[in-house]
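**Student:** below: sequence and its predicted model.
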Amino acid sequence: MSKIKDVFKKLKKTKGKAFIPYITSGDPDCEKTLEALEIFAENGADIIELGVPFSDPMADGSVIQAAMERAIKSGTTVKKTLEIVEKFRKKYTTPLILMGYLNPFFAYGFEKFSEEARKKGVDGVLIVDLPPEETEEYSEILKKNKLTQIFLATPTTDLKRIEIINKFASGFIYFVSVTGVTGVRNALPPETSAKLRILRTNFKIPVVLGFGISGPETIEQFHNHADGFVIGSAIVKKWELASKNYEEKQNFIDFIKLLSRSCHGK
């Protein structure tokens with residue numbers, strides 16, 4: 001059983017939901033990124049998403065775009081991101097997913113990337129702009145290297161596309177709550193719960209909710225409807241301050257603990 005599957009199996013027994021924090025690799029530098037990953041691992045993260053910097057992150061809003069720009073400015077690459085994972089793995093076993101766009105992985109050499117990702121300790125890969133209809137070749141390479149492939153579902157994902165995704169997906173499905181870009185929102189669309197119900201009925205694996213989750217209130221609102229929660233922009237925004245200021249770092253750790261407790265129902 002993969003580490004990611006194991007997470008959901010254990011959480012099912014406790015009626016908890018997976019807490020999946022996101023951070024951009026290299027924001028503001030590689031050393032600080034490793035520190036953020038350690039904070040996640042030590043404060044209740046079940047799975048971690050590490051974003052690979054890209055110059056044209058079309059699915060991301062202003063907060064993560066700015067983080068990507070800071071990461072690129074600091075010279076962060078796919079290779080350096082894998083080195084961060086390798087260092088993290090010396091102390092922690094928390095499952096880690098690389099989330100990014102196809103171009104950097106393709107430029108690196110997809111076979112080479114997949115082999116190195118497995119060796120360095122990556123558990124899964126989510127390629128934002130790779131549609132399931134075009135994934136077969138990439139899926140085979142990831143599978144060969146025992147890397148879980150995560151797919152996105154959106155409010156417009158229909159049963160036909162679910163059928164295609166089911167052929168390739170493993171680990172979990174990341175349900176994008178809104179048609180648009182990432183970013184903190186005051187409220188998610190009222191039809192989110194109904195869409196989650198449809199997806200969880202038709203997908204063979206757990207469905208987690210992301211995009212727009214601002215804090216514990218959103219998690220509590222959808223706790224009974226999702227198998228986990230990805231929190232990105234709200235964390236990245238706080239990390240921008242916390243990475244520079246000790247006092248803010250304590251607030252950041254408290255925020256991570258609060259999100260963890262909300263997901264785990266404690």
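**Tutor:** Received the coordinates, thanks.
**Student:** C-alpha from now on. contacts and neighbour counts both.
**Tutor:** Noted.
**Student:** residue ranges with poor pLDDT in this structure?
**Tutor:** Applying pLDDT under 70 to the chain flags residues 1, 57-61, 178-188.
**Student:** could you tell me how far the longest helix along the chain lies from the centre of the chain?
**Tutor:** When the chain is parsed with DSSP state H, its longest helix is helix 246-264. Taking CA atoms, centre = their mean, to the nearest Å, one finds the center of helix 246-264 at 17 Å from the center of the full chain.
**Student:** and what of stretch 228-248?
**Tutor:** 14 Å.
**Student:** so what touches it?
**Tutor:** Stretch 228-248 is contacted from outside by 17-24, 27-28, 32, 63-64, 67, 182-184, 207-215, 219, 249-252, 263, using CA atoms under 8 Å, 6 or more residues apart in numbering.
**Student:** distance of Leu130 relative to Glu116?
**Tutor:** For Leu130, the distance to Glu116 (CA to CA, to the nearest Å) stands at 20 Å.
**Student:** by contact count, what packs against whichever strand or helix holds Ile97?
**Tutor:** Assigned by DSSP states H and E, Ile97 belongs to strand 96-100. The contact analysis (3 or more CA pairs under 8 Å, 6 or more residues apart in numbering; DSSP states H and E) places strand 96-100 against strand 48-51, strand 124-127.
**Student:** give me whichever of those strands is most buried.
**Tutor:** Highest mean neighbour count of the helices and strands packed on strand 96-100: strand 48-51, a mean of 25 (counted as mean count of other CA atoms under 10 Å).
**Student:** off-centre distance for that strand?
**Tutor:** On CA atoms, centre = their mean, the centre of strand 48-51 falls 5 Å from the chain's centre.
**Student:** ok, now stretch 190-203?
**Tutor:** 19 Å.
**Student:** try stretch 94-113
**Tutor:** Centroid displacement of stretch 94-113 relative to its chain, using CA atoms, centre = their mean, is 13 Å.
**Student:** who's in contact with that stretch?
**Tutor:** Outside stretch 94-113, the residues that touch it by CA under 8 Å, 6+ apart are 3-4, 41, 45-54, 57, 78, 121-130, 138, 141.
**Student:** let's see it as PDB, backbone CA atoms only.
**Tutor:** Extracted C-alpha coordinates of stretch 94-113, given in PDB (Å, rounded to 0.1, in the frame of the first residue of the first chain):
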ATOM      1  CA  THR A  94       5.200  12.500   5.700                       C
ATOM      2  CA  PRO A  95       4.000  11.800   2.100                       C
ATOM      3  CA  LEU A  96       5.100  14.600  -0.300                       C
ATOM      4  CA  ILE A  97       3.600  15.500  -3.600                       C
ATOM      5  CA  LEU A  98       5.200  17.800  -6.200                       C
ATOM      6  CA  MET A  99       2.600  20.000  -7.800                       C
ATOM      7  CA  GLY A 100       3.500  21.900 -11.000                       C
ATOM      8  CA  TYR A 101       3.100  22.500 -14.700                       C
ATOM      9  CA  LEU A 102       4.300  20.100 -17.400                       C
ATOM     10  CA  ASN A 103       6.900  22.400 -19.000                       C
ATOM     11  CA  PRO A 104       9.600  22.300 -16.200                       C
ATOM     12  CA  PHE A 105       9.200  18.500 -15.900                       C
ATOM     13  CA  PHE A 106       9.300  18.000 -19.700                       C
ATOM     14  CA  ALA A 107      12.400  20.300 -20.000                       C
ATOM     15  CA  TYR A 108      14.200  18.400 -17.300                       C
ATOM     16  CA  GLY A 109      13.400  15.100 -19.100                       C
ATOM     17  CA  PHE A 110      10.300  13.400 -17.800                       C
ATOM     18  CA  GLU A 111      11.900   9.900 -17.400                       C
ATOM     19  CA  LYS A 112      14.900  11.400 -15.700                       C
ATOM     20  CA  PHE A 113      12.600  13.600 -13.400                       C
END
